[in-house]
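Peer 1: I need the structure of the sequence given here:
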Amino acid sequence: MGKLTTGTFATYVEELTIRTSERYQIQCITQDVERIVRESGIDDGLVLVNPMHITASCYVNDLEYGLHQDIMQWLEKIAPCHGIDGNEGEEYHHHRTGEDNGDAHLKRQLLGQQVTMPVQHGRLHLGTWEQIHYAEFDGQRNKRILIKVVGVMKS
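Peer 2: Numbering: from 1, shown residues only. This next block holds a predicted model:
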């Protein structure tokens, strides 16, 4: 049987600004999201974590740096930075616009855009190994991450 939570509904929005030191990089942002959830005053609801850039992704997985490397290597095999065939051969059609980040757009599609996670008792309600990550594929400049908490306020 489920649990009904009643009270005053509210939303809380904050943006994080992140600047990676590398063009391709994964960072754990769970603590930042947890801080925002606590500050929101929302006791029960959901939090949306959305990278507001089309060359970045937010996803949930284990915080293990070998896994970060594995993810980046896997993405590079599927969407190599040098073009469709992975070397000096066929370029991405997107590069005809003057851009050089066709692979970044594809990597974002593969890893996903955003995550929505549960909030319970004013905290993220994560599984044992779940952590929220920000993956950057065209970095070394300021990027925004939207954090939106929606739900019922603490009594």
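
Peer 1: got the buried residues for stretch 124-144?
Peer 2: Neighbour-count burial for stretch 124-144 flags 124, 126, 131, 132, 133, 134, 135, 136, 137, 138, 139, 143 (criterion: 16 or more other CB atoms under 10 Å). Heads up, the C-betas are built off the backbone N, CA and C, glycines and all.

Peer 1: Next: stretch 62-78.
Peer 2: 68, 71, 72, 75, 76.

Peer 1: Pop out the phi and psi values for the third one.
Peer 2: Which is residue 72. phi -60, psi -40 (degrees, to the nearest 10).

Peer 1: Against residue 44, how distant is the residue lying closest to residue 93 once chain neighbours are set aside?
Peer 2: Once flanking residues are discounted, residue 93 sits nearest to residue 102: 7.3 Å by CB to CB, 6 or more residues apart in numbering. According to CB to CB, to the nearest Å, residue 102 stands 42 Å off from residue 44.

Peer 1: out of those two, which sits in the busier spot?
Peer 2: Shown here are residue 102 and residue 44; by other CB atoms under 10 Å, residue 102 has more neighbours (21 against 18).

Peer 1: Right, I'll leave it there.
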